[in-house]
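Q: Dropping the sequence and predicted coords here.
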Amino acid sequence: MGSSLQLGITKIGDLLRHNKITLDQNGKEIGSIALTIPNYQRPYKWTSKNAIQLLDDILEAKNQNKETYRVGTLILHKDSDKYNIVDGQQRTITFSLLLKALGESEVDFLNQSMTYNPHNQRNIPNNYLSLKRRIQNMADEREKKDLKEYVENNCELITVITDSISDAFQFFDSQNARGKKLYPHDLLKAYHLREMADLDIVETERIVKEWEDLPQQELALLFSDYLYRVKEWTKGNWAWELTEQNIHKFKGITRKDNHPFAQFFKGAFSFAESMNRSAMPFVSGTRNLKPFQLDTPIIAGKPFFEFAKHYFEILRDIKNNDKYEGYFINGNEIVKTLDLRTYKNGVGNRITRLLFDTTILLYVDRFCPEKPYKADLEMLEQFVVCAFIWAYSLRAQYVNLGWLSAQNYIMGNPEVLNSFNLYKTIADSDSPLSLLGTLSEKLVSLPLVKIKAKTDNLDAINDDQIHLNYLHFFKSYKFLDLL
């Protein structure tokens, strides 16, 4: 006997207040839906940040007068009179907490025990209190009533119900398989396209085509490995992985934001755009103004796509050491050595090179115009030496280097020489001269006793003038204590 399958759509109010699915595929109501969280379900891991983000998305949909706001898929396994949640638990719990925070006393789903693990014990009460505080601060009683009605009647879930547990998990796996193809930058693309709703369709298509013409794997790495980490490290935070839970860092300031903080950055962006489109740079002989900075907020919508393309091209330039191409790194001897295959293999080498590249990216962003003069490049070359000594001091002091040690190094590890937050040092500097002066005081020589890397071939070079050991540059720049 085959398994049965029911597809449907349900309003949040029908599901959580009246225990029913609004309509199945035949246009009929499904009643007596007793939602249950089975023992095999993962914990409730949404934090208050995720809960508030859901509330903000609902408010945005409501303010845009969206008649229907689809909030995801709910996969249920019908087991006797119970409906076990296979997928959609995080949103279902959060919507239940939201209704409770909006004053709804009868949410049967919350009556079951959910305290069997520490994630639930912490996140459920925290998220409820965060939602309640946010609602109290933003709305009067009439607005709360309107919001509650919108959540109950306009927010909808697509539902899949089957009496076969294997079919339920097959649906779950297919949902996840599709989800894995969406990088965080894909989610950002969708978000910022929504912010461009009033833009001319031809212009929108042009922007989307430029985005999609970029190598998507490289674009994903730009956001996850470079931009996200630089944003965190400049603020003195640890940086692990860019996920859908923290992509809000790239959502930025919208056209509706009108507080002074937002107005300042929108004004700065608009001024740079206006100046660059005018004849002023040509007439005055000045250079174009950069409308972006890595450690400042993004402007949502069209500027986001320009931001991504801007840093994609700068990073590509920095990583290309061709002597005749690009503006920034051209035939640099240190980079020639680091480009050897031996220094590209292994986790520790890749981490160190990432630190090196990201510090140069931040320096170029802060202090180099798009088309630098000779003086700009001379200062950059001095910084490249400092960035190399800083990043590869870490590599030299570890046999096996992992992300935990690297993050400790950035945050400041007193047991490792030259351990300090170079990203924050760059962000706190007003000029290249002040930065280089600070680094001349901070960076110290490495004694041989502290070095765990191989110290042979310090003087050996090949026919291409590429040094076989990166420690050669520690020696030549007087950062290696041989005594």
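A: Good, I have the coordinates. Numbering: from 1, shown residues only.
Q: Considering only helices and strands, which part of the protein has the lowest mean pLDDT?
A: Least confident helix or strand, the chain: helix 165-180 with a mean of 56, by mean pLDDT, DSSP states H and E.
Q: List the buried residues in the helix or strand that that one is followed by.
A: Remark: after helix 165-180, the chain's next helix or strand is helix 184-194, criterion DSSP states H and E. Neighbour-count burial for helix 184-194, counted by 16 or more other CB atoms under 10 Å, picks out 184-185, 188-189, 191-193. Every residue, glycine included, has its C-beta placed from N, CA and C.
Q: Stretch 241-258 now?
A: So for stretch 241-258, counting by 16+ other CB under 10 Å, buried means 242, 246-247, 249-254.
Q: can you redo these as a markdown table with distance to R395, secondary structure and pLDDT?
A: Converted to a markdown table, these look like this (distance: CB to CB, whole Å; DSSP: H, G, I helix; E, B strand; the rest coil; pLDDT from 0 to 100):
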| residue | distance to R395 | secondary structure | pLDDT |
| --- | --- | --- | --- |
| L242 | 24 | coil | 87 |
| N246 | 28 | coil | 84 |
| I247 | 30 | helix | 84 |
| K249 | 28 | helix | 88 |
| F250 | 30 | helix | 91 |
| K251 | 35 | coil | 88 |
| G252 | 35 | coil | 88 |
| I253 | 38 | strand | 89 |
| T254 | 42 | coil | 86 |
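Q: how about the strands of the chain, start to end?
A: For the chain, applying DSSP state E gives strands covering 5-11, 23-24, 35-36, 69-79, 82-87, 155-162, 446-447, 480-481.
Q: list the helices and strands the fifth one packs on?
A: This points to strand 82-87. Secondary-structure packing of strand 82-87 (3 or more CB pairs under 8 Å, 6 or more residues apart in numbering; DSSP states H and E): strand 35-36, strand 69-79, helix 165-180.
Q: Sheet partners, orientation included, of that strand?
A: Paired neighbours of strand 82-87 in the sheet (DSSP bridges): strand 35-36 (parallel), strand 69-79 (antiparallel).
Q: if we can go back for a sec, using CSV, please lay out the strands of the chain together with mean pLDDT and distance to R142.
A: Shown next, in CSV, are those (pLDDT from 0 to 100; distance: least, CB to CB, whole Å):
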stretch, mean pLDDT, distance to R142
strand 5-11, 87, 22
strand 23-24, 85, 30
strand 35-36, 90, 30
strand 69-79, 86, 21
strand 82-87, 87, 34
strand 155-162, 89, 19
strand 446-447, 92, 67
strand 480-481, 86, 71
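Q: now those strands as CSV including mean neighbour count and distance to N330?
A: Putting these into CSV (neighbours: other CB atoms under 10 Å; distance: least, CB to CB, whole Å) gives the following:
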stretch, mean neighbour count, distance to N330
strand 5-11, 18, 58
strand 23-24, 17, 64
strand 35-36, 18, 62
strand 69-79, 19, 49
strand 82-87, 20, 51
strand 155-162, 21, 54
strand 446-447, 16, 28
strand 480-481, 18, 26
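Q: Could you work out which of those reaches nearest to G103?
A: Minimum separation from G103 across those (CB to CB) falls at strand 155-162, 16.6 Å.
Q: Now do that closest one: everything it contacts.
A: With contact meaning CB atoms under 8 Å, 6 or more residues apart in numbering, strand 155-162 is reached by 3-12, 15, 21-22, 30, 58, 61, 68-78, 83, 88, 91, 95, 168, 171.
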